[in-house]
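Participant: Turn this into a model:
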Amino acid sequence: MYGDFSRLTYSRDKRYTAVWSQQGRVQLDADANEQTAILLDWLRTLAHDFIGPFGGHVVRAGFRVGLKDGELTFSRGHYYVYGLRCENPEPAGRGAAAVTYRDLAGAAGDSLPKPPYLVELLVWERSVSAVTDPGLLEPALGPYPPDTTVRSQLAWMPRLSQALPGPEGRALHSVPARDLSAEHISRAFDEYNSGGRKRPELAARVDREAGTDEATIVPATSGYLGVENQLYRVEVHIGSSADGSADGSPTFKWSRDNGSAEFRIVAVAESERADDRRKDADELITVTVFSLGRDDRTGLEVGDWVELVDDASVPLGPPPPPLLQVHAIERAGLTVTLSGKLPRADLALHPYLRRWDQGADSQAGPDGIPVVESSASGGGNIWLDLEDGVQVRFAARGADYQTGDYWLIPARTATGGLLWPGGAHPEAIGPHGPDRYLVPLALVRETGKEPEDMRTLFTHLAWPEPDRPDDSKSG
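Facilitator: Just a heads-up that it's a prediction; the model follows:
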């Protein structure tokens, strides 16, 4: 979840069942958010226990994959994935007709791979703010109403794969026919979702020897040197394996306010080439935004790195577009000129800019900051500086870094420290999110033939199955 939160406190290990308010006490956003998290976790666990990892009702289940005029289609309805209810069509609605793979994948759906291949469903949750959904703003608060809350939304995207999920990525054409059953394939997906990759780990601390230019205000050895409480977010930008088993190297980016500085794009100007006097020849593009933020903390400055995000952004798969750098700002006209390798901004996909704060880092670039893994002890113990004494360390374990993996680091001025497991001896922990799930929908064995259904279906616990006679009337 992106958002301007103080911190996110829910922990299943503590086994809390509810949050109870007390009279006359300070109300915190973290308390209300923890209550929501407790309830959601309970309901999703219950659904998972009853239904299993994934499944749909035998009558109302959606996402049945069909073949019509050479195109893959997805039936309407819903399907449960680890307690999450996926809807087709999505809440915005897509009409009564079945959704095709081309509708969902765009240009990538023009050609289908050579069979055999699996039709999969990638499921995750994303945060939605008033930047992407202006309907969340309350007009009664004035002509320029402030944002108040954010929403979480379940998102899904179909994918086609010629291999089973997992680090080995076993090609389907090499799998014996007896192992291409729905039971075997479902088990492979459940094992992958339950821990089929080596997750990266990160530790965070403050450098007690960090200095500051304002030593008259904050002592030079005070730890966290920021003048405001912050919720730092460290997020993987380009994912791969740091041990070199995958092409390229992983990178990360960071935000001091949990990536909540967002700017809705309302118009895009024609791109142009940069001035020849500049050393690089990046393109320049000017966009008009709805707002440049409430103040310096939530605004943009020349030199800031921003990410172009829209409805098509997916936290798994191909590397994301490079980060863009703010080249110029015209505040009267609410225009921002960006430089870099520019993706196309399609206004129909509700594009917006998200600010990242590694601008002063000499290693920062369009691909983020390189991940440097280090051992837990010895000379290879490498701490990377963020700002104001905050440091992070990626544990050395040859992990599989996936785009979007993130950690949240609360920093507090009152203590000059961080709220992090281990205190003075910080622990390296796995990402706080996002949870992503891959589930099988269908297997296409031959071109032109109807896909084989790989969904898991169930009926009512206390109701006769459809088209089945009542056993009590027999005999």
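Participant: okay, CA-based contacts and neighbour counts for the rest of this
Facilitator: OK.
Participant: May I have the residues that are in contact with residue 373?
Facilitator: Residue 373 sits next to 242, 382, 393, 394, 395, 396, 397 when contact means Cα atoms under 8 Å, 6 or more residues apart in numbering.
Participant: Using TSV, lay out the residues you listed together with neighbour count and distance to residue 20.
Facilitator: As requested, the contacts of residue 373 are exported to TSV (neighbours: other Cα atoms under 10 Å; distance: Cα to Cα, whole Å):
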residue	neighbour count	distance to residue 20
242	23	44
382	18	42
393	24	36
394	23	37
395	22	38
396	18	41
397	16	41
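Participant: Looking at these, which is nearest residue 444?
Facilitator: Among those, residue 242 lies closest to residue 444 (Cα to Cα), at 34.0 Å.
Participant: quick one: terminal-to-terminal distance for stretch 251-269?
Facilitator: 30 Å (Cα to Cα, to the nearest Å).
Participant: ok, now stretch 427-438?
Facilitator: Taking Cα to Cα, the first and last residues of stretch 427-438 lie 29 Å apart.
Participant: Out of the contacts of residue 373, give me the two with the largest separation.
Facilitator: In the contacts of residue 373, the most distant members under the criterion Cα to Cα are 242 and 382, with 14.7 Å between them.
Participant: just the helices in the stretch 51-200 of the chain please.
Facilitator: Ranges of helices within the stretch 51-200 of the chain are 101-105, 182-193, based on DSSP state H, counting those that start in this stretch.
Participant: To residue 356, which of those helices lies closest?
Facilitator: helix 101-105 (28.0 Å).
Participant: got the buried residues for that closest one?
Facilitator: Applying a neighbour-count criterion of 16 or more other Cα atoms under 10 Å, the buried positions in helix 101-105 are 101, 102.
Participant: where does the stretch 251-400 of the chain dip in pLDDT?
Facilitator: Counting by pLDDT under 70, the stretch 251-400 of the chain contains low-confidence residues at 270-282, 375-380.
Participant: now the strands for it?
Facilitator: Listed from the start of the chain, the stretch 251-400 of the chain has strands (DSSP state E, counting those that start in this stretch) covering 251-255, 262-268, 272-273, 283-289, 305-309, 324-330, 335-340, 352-356, 369-370, 373-374, 384-385, 390-395.
Participant: Reformat the helices of the stretch 51-200 of the chain into JSON lines and put distance to residue 138 next to each item.
Facilitator: Converted to JSON lines, the helices of the stretch 51-200 of the chain look like this (distance: least, Cα to Cα, whole Å):
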{"stretch": "helix 101-105", "distance to residue 138": "32"}
{"stretch": "helix 182-193", "distance to residue 138": "39"}
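Participant: Residue 463: which of those is closest?
Facilitator: For the helices of the stretch 51-200 of the chain, distance to residue 463 was read as Cα to Cα. The smallest value, 24.9 Å, belongs to helix 182-193.
Participant: Return the distance of whichever helix or strand comes after that closest one from the chain's centre.
Facilitator: Read in the C-terminal direction, the helix or strand following helix 182-193 is strand 202-206, with elements assigned using DSSP states H and E. Computed by Cα atoms, centre = their mean, to the nearest Å, the chain-centroid distance of strand 202-206 equals 22 Å.
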